[in-house]
Every structure is written in C-alpha cells, then in structure tokens.
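# model the structure of this input:
(4 chains)
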Protein chains: 2
Amino acid sequence: MTSETGQTAPRPPDEAGCDGENGPRFAPITHFTLYERVYEELRKAIMAGRFASGDSLTIRGVAQQFGTSAMPVREALRRLATEGAVEVLANRTIRIPLMTKERLDELHTIRVALESEAARLAASRATEAELQAIESLNNDFIETSRASDVGKTLAANQRFHFAVYAAARAPTLLSLIGMLWLQAGPWLLQPLRRSRRQDGPRDYMGASFAHHLTLVQALRDRNGERAAEAIRSDIVDAAKHFLVDGEAPFDERSGSAA
Amino acid sequence: MTSETGQTAPRPPDEAGCDGENGPRFAPITHFTLYERVYEELRKAIMAGRFASGDSLTIRGVAQQFGTSAMPVREALRRLATEGAVEVLANRTIRIPLMTKERLDELHTIRVALESEAARLAASRATEAELQAIESLNNDFIETSRASDVGKTLAANQRFHFAVYAAARAPTLLSLIGMLWLQAGPWLLQPLRRSRRQDGPRDYMGASFAHHLTLVQALRDRNGERAAEAIRSDIVDAAKHFLVDGEAPFDERSGSAA
DNA sequence: GCCTCCGAACTGTGATCACAGATACGATAT
DNA sequence: ATATCGTATCTGTGATCACAGTTCGGAGGC
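Numbering: from 1, shown residues only, chains lettered A, B, ... in the order given. Below is the predicted model of the structure:
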C-alpha cells in the first residue's frame, strides 16, 4: 500500500565526480514488502486470465511456488478476497468465484456507473502528456488486435482503459474500478478468443475500436459527456458477447494453483 | 467472509418430544473466526465515529484490547486497509486516513453514482416485508432525531440506508457501498452534532427527513428514477454541511487505539 | 542552547508451529 | 454393492517468535 513508483537504479556520477560534499547522487529506493509482491503477481495472473472460474488456491501451495512462507500469501489473499477476486467458502476453500449471469450483469452495471464517471473527470483533468499516452496505448491496442496473441490484446485494452481512469485523478474511484476489473476483466478473454475464430462475432473488435476512438476524441475535446457515453457503449456492447451458461470463460483450463 | 446469519439458539423440543428418529431438533450453528469478529468490532467502531481522522492504531495494541494474538488483528486491518478505512504509511504507521475536501468530494461523487443505482434497483426488487422494515427504520431515524444522542441518530440513519441498498439484491454493489460508508459515513456525525447546537444548520434534519420520505414513497410506487433522485439529493444536501478546512470531524478526540 | 549520536523500545513483517476442521481413502460390516 | 467408520492428510486459522526498520529520549560534544 505504499506508493508504487518502482525501483530505480542509481544515476551515473555527475561530471564533477565524487568531490567533497557533492558526492555521488543516489535515487531513492522504493522497497516492496513480500506481501505486496505476492499480491501483485496474483493480481496480474488474475487479470491475464490465467485462472478459471472455480479454480482453487491454497496458501501453502502458492507460498511454495513463490518460495515464501505462508504469511505474505495469506495477507495477499485476504486483500484479494476483500476485492472480490477470490472467495473463501464455508469449508475454507479459497477459490476464484464462479460467475453467473446475474453477477456479470451487476458488475457491468457498476462499471458503467463508475467508469463513465471516471471518463467524465478525465476529460477535464487529463494533461497533454496523458492524452498522448492514451492515444499511444490505443494504437498499441489496435496493433495487438492484428496479431494472434489474445493475451496481448487483453493487456493492451487494460492498459488503455486504466490510463484513461488514472487521468481522472480520483484515487478512490480508480481503486474501486480496479476491484471491478479483477472480477470482470478476465472475462474479456472469452469474446476476444471467439472473435479470432470463424464462428466468432464479426463486429466485436470493430465496435471496440469505434468506442475507443470516440473516447479519445472526446477527451481531446474536453467533452466529459461524450467521453462518458463512449465508455458506457464500450462496456454495454462488450457485455453482449459474454456467454455464461455453463461455458467456462477460458477455453483451456489453467488448473489449480496448488 | 462466511454468511452472517447470526447464531440461533436451539428450538424448543417438538410436542412429540424426543422419540425415535424424530429426535430433538437443533438449528445450525454459525461460527465466526476471530478475524471476522475483530473486523466487525473495528468496523462498528469506525462507523460509530469513535475514531478521528489521523488516529493511529497498532496491531499489538488492538490485540491486547481484544485479548487475542496479533494474527486476527492483522487480517482485520488488512481488510480495512483494502477498504480504505485505514491506511498504512511508508513509515508503517497504521492510521485512520486524513480527510481532505477533494477526497470527500470524490467520495460523495462515487456515492451518488452507486447509491442512486442501488435505490433504483431496490425500487423494483424490494419485497413487501423489506418495504415495511425500511419504513420502520425511517420512523426510528426520525424518533432518534428528537433525542439528544447523535450517535443513535447516526446509527439509525445507517440502518435505514443499508436496508434500502440491501433490498437491491446486488451483493457486489452493497459491498462497495459499505466501503464508501466506512470512509465517509462517520463524517455524518459532524453536521449532526452541529444541528443540535444553536449555531448549527437549521434545515439539516428537515432536508434529510424530506429526502427519506420521498425515497420511501418512491420505493412504494416502484419508481426507480424518483428513488435514485431522492438518494442523490440526500447525499448532495448532506455534503453541503461538511467542514473540512482544518476542523476535525469530531468535536472530541477519541485518542489512539494503542 | 543546539546538534549529533547511541541505545532502548516499539512496531510491522515474515517465519514457524500447533490446533482444529474438512476431506479423501481404505477397511469392514451389512 | 452400499453404507459406515477409522485413519491419514491437507488446509485455514491463531499463537508465538525473530528480525528489521522506525521512533524517541538521553547523553555528550561544540
């Protein structure tokens, strides 16, 4: 829960060299606890769709894989449980929650409410540098859609969206949206995969491209209402392509983590 | 994270008595882990406004007060940190977050987005029994407003609101709203206290009563749009009465927990 | 008086262990 | 073949301890 500015290497010595009170300069070192590192690895695996609904994890199994004791894994899983990304059953099993149509609908309703608000705020608050980064990330998304690796497309879409929401400069809102994506985000893999097959939806990527472009232009125009509407449409259109009735969200099972 | 249906006493024996295979009947026993019980105690204390912004807690201090080891307290605090109710600083202090005007505005924006959606859903999903309970809780709220104990008014307001949101039958939405109330809810104590003083806002309680009544009637009429608007107005009007500029949200300091 | 240093105490974090509950499997009885 | 029981194993939970980082107070130097 500390800041996540990353770990930077010491800068090279100044040209003046190590002289007197102007000695070598070192950048601050940001330290992450084991708990934070375990949490981040699990979060990334969930977001990348490496777990399937119903997959179970055990504290000792994950700890063994990471080469840590159980404690940091417990704390990371407690946080993920609070975020709804994993659930602890009455028989004490820890698993990725099963998905139902009702739950997915609820998640999309909440996402529309929060992410459209974030887009509205981003339209007035994004800096020029942030707008350029958002545009660049959208180009990445379009580029990855031409290749065969759906995992890369999923990640590029996530990066694009979160760049927009980060530009809203609303930390609590961003945190809540992150929780929602932990629950619903991996499900984007399913229509992505099907759009790469002959029997998949043909208008899926095209609709997504259009909404993203509308969003980017709305941000450029500082038009919050149009930005919010673009996000709403993106979410609603994507949600039409989710199949929940007994069909697993991922074509290949990742297996249990332990 | 197990269900919280509470612990029920065994029912009295049937009139048939203990005969053969129809022996005495026992209700299921719901067991709570220590972590869950510690979490619930801390959550209730926060919601009741017993902590002030900036109050710090220590794991060992809280554990000593509860007579437990540090483990369940750690897990409870980890959950509360994920929910934004406490924060862990870089120097490892655990404290109730400081409040700023920007953060309070953000919380209210999010609350409007989510709670109005919950009210809209409740208007179509609440059962007759739930509507009656909501009305009864609103009467409780009005009754407590006539007494001098603002803590009771705060609690009654919370019970009323959460009965409405629970009737939406949207578990993820309810969980997110709970997190928001953990952060912003205690702040309702401030205008409540000031409304009991001669220099306090005179229209504060009156506006709240009116919005609650509008909400209840809208739920009765199954009018989601009007229900959402009543919640929105309730939140927005209450937010006008919050003072953040250096003024602590609570007139008396609760002190540190450890 | 101010600054610096050192030691003690406090604190969160991670490791380890014990305990109790849940599950799976094999053996036995019907 | 099915049901029951006992045992071993696994698992989350809670307790305890050690470690490393942080803070605070006192002593000494300038």
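# and A:Gly84, how many neighbours?
Using other C-beta atoms under 10 Å in any protein chain shown, the number of residues around A:Gly84 comes to 19. (Glycine included, C-beta is placed from N, CA and C.)
# shaky segments in chain A?
In the predicted model, chain A carries pLDDT under 70 at residues A:1-24, A:198-202, A:243-258.
# at 80 instead, please
Along chain A, the model assigns pLDDT under 80 to residues A:1-30, A:148, A:191, A:193-204, A:241-258.
# mind naming the longest helix for it?
helix A:101-125 (DSSP state H).
# let me know the angle separating that one from helix B:101-125.
150 degrees (axes from the mean of the first three to the mean of the last three C-alpha atoms, to 10 degrees).
# helix A:101-125 near chain B anywhere?
Yes: legend: contact between helix A:101-125 and chain B by C-beta under 8 Å from any C-beta of the partner chain is shown at A:103, A:106-107, A:109-110, A:113-114, A:117.
# now do the helix or strand following that helix against helix A:101-125, angle only.
The helix or strand immediately downstream of helix A:101-125 is helix A:128-146, counting by DSSP states H and E. Per the same axes, to 10 degrees, the angle that helix A:128-146 makes with helix A:101-125 is 140 degrees.
# just the buried residues of the helix or strand following helix A:128-146, please?
Heading C-terminal from helix A:128-146, the first helix or strand you meet, by DSSP H and E, is helix A:150-166. Neighbour counts over helix A:150-166 (16 or more other C-beta atoms under 10 Å in any protein chain shown) mark A:150, A:152-166 as buried.
# with stretch A:175-191 instead?
A:176-191.
# how about the longest helix of chain A: buried residues?
Buried residues in helix A:101-125 (16+ other C-beta under 10 Å): A:103-104, A:106-123.
# and if you look at stretch A:63-81?
Buried residues in stretch A:63-81 (16+ other C-beta under 10 Å): A:63, A:66, A:68, A:72-81.
# one step back: let me have the residues of helix A:101-125 next to chain B in a markdown table, extended by distance to B:Gly206.
As requested, those are exported to a markdown table (distance: C-beta to C-beta, whole Å):
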| residue | distance to B:Gly206 |
| --- | --- |
| A:Arg103 | 40 |
| A:Glu106 | 35 |
| A:Leu107 | 38 |
| A:Thr109 | 33 |
| A:Ile110 | 32 |
| A:Ala113 | 29 |
| A:Leu114 | 32 |
| A:Glu117 | 30 |
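# list just the nearest of those to DNA strand C.
A:Arg103 (22.5 Å; C-beta to the nearest atom of the strand).
# could I get the contacting residues of the closest one?
A:97, B:171-172 (C-beta atoms under 8 Å, 6 or more residues apart in numbering or on different chains).
# can you redo these as JSON lines with neighbour count, distance to B:Ala238 and secondary structure?
Formatted as JSON lines, the contacts of A:Arg103 follow (neighbours: other C-beta atoms under 10 Å in any protein chain shown; distance: C-beta to C-beta, whole Å; DSSP: H, G, I helix; E, B strand; the rest coil):
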{"residue": "A:Pro97", "neighbour count": "15", "distance to B:Ala238": "34", "secondary structure": "coil"}
{"residue": "B:Pro171", "neighbour count": "13", "distance to B:Ala238": "26", "secondary structure": "helix"}
{"residue": "B:Thr172", "neighbour count": "17", "distance to B:Ala238": "25", "secondary structure": "helix"}
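# and DNA strand D, is the host helix or strand of A:Val62 touching that?
Using DSSP H and E, A:Val62 falls within helix A:59-66. Yes: on the criterion C-beta under 7 Å from any atom of the strand, helix A:59-66 is in touch with DNA strand D at A:59-61.
# quick one: which of these is nearest DNA strand D?
Distances from DNA strand D to the residues of helix A:59-66 next to DNA strand D, taken by C-beta to the nearest atom of the strand, are shortest for A:Ile59, at 3.5 Å.
# that closest one: neighbouring residues, count only.
Neighbours of A:Ile59 (other C-beta under 10 Å): 17.
# contacting residues for it?
Contacts of A:Ile59 by C-beta under 8 Å, 6+ apart are A:70, A:73-74, A:77, A:94.
# look up how far B:Phe51 lies from the spatially most central residue of chain A.
Against the mean C-alpha coordinate of chain A, by C-alpha atoms, centre = their mean, the closest residue is A:Gln158 at 5.0 Å. To B:Phe51, A:Gln158 is 36 Å away according to C-beta to C-beta, to the nearest Å.
# picking up where we left off before, okay, the angle between the longest helix of chain A and helix A:150-166?
Going by the same axes, to 10 degrees, helix A:101-125 makes 50 degrees with helix A:150-166.
# now helix A:101-125: how far from the chain's centre is it?
14 Å (C-alpha atoms, centre = their mean, to the nearest Å).
# next one: stretch A:59-72
Counting by C-alpha atoms, centre = their mean, stretch A:59-72 comes out at 24 Å from the chain centroid.
# same check, this time on stretch A:146-165
Worked out by C-alpha atoms, centre = their mean, stretch A:146-165 lies 9 Å from the chain centre.
# quick one on the thing from earlier: and which of the buried residues of helix A:150-166 is nearest A:Gln217?
For the buried residues of helix A:150-166, the residue nearest A:Gln217 by C-beta to C-beta is A:Val164; the value is 12.7 Å.
# what does chain A have sitting close to DNA strand C?
A:33-35, A:68-72, A:75, A:90-93.
# same list, those residues, but as TSV with secondary structure please.
Shown next, in TSV, are the residues of chain A next to DNA strand C (DSSP: H, G, I helix; E, B strand; the rest coil):
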residue	secondary structure
A:Thr33	coil
A:Leu34	helix
A:Tyr35	helix
A:Thr68	coil
A:Ser69	coil
A:Ala70	helix
A:Met71	helix
A:Pro72	helix
A:Glu75	helix
A:Ala90	coil
A:Asn91	coil
A:Arg92	coil
A:Thr93	coil
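# which of those lies closest to A:Asp55?
Nearest member of the residues of chain A next to DNA strand C to A:Asp55, counting by C-beta to C-beta, is A:Thr93, at 10.6 Å.
# so the closest one makes contact with A:Leu77?
No: A:Thr93 is not in contact with A:Leu77 according to C-beta atoms under 8 Å; the separation is 11.9 Å.
# nearest spatial neighbour of the residue of the stretch 51-200 of chain A found nearest DNA strand C, skipping sequence neighbours?
Nearest residue of the stretch 51-200 of chain A to DNA strand C: A:Ser69, at 3.0 Å (C-beta to the nearest atom of the strand). With sequence-adjacent residues excluded and distances taken as C-beta to C-beta, 6 or more residues apart in numbering or on different chains, A:Ser69 is closest to A:Ala63, at 6.1 Å.
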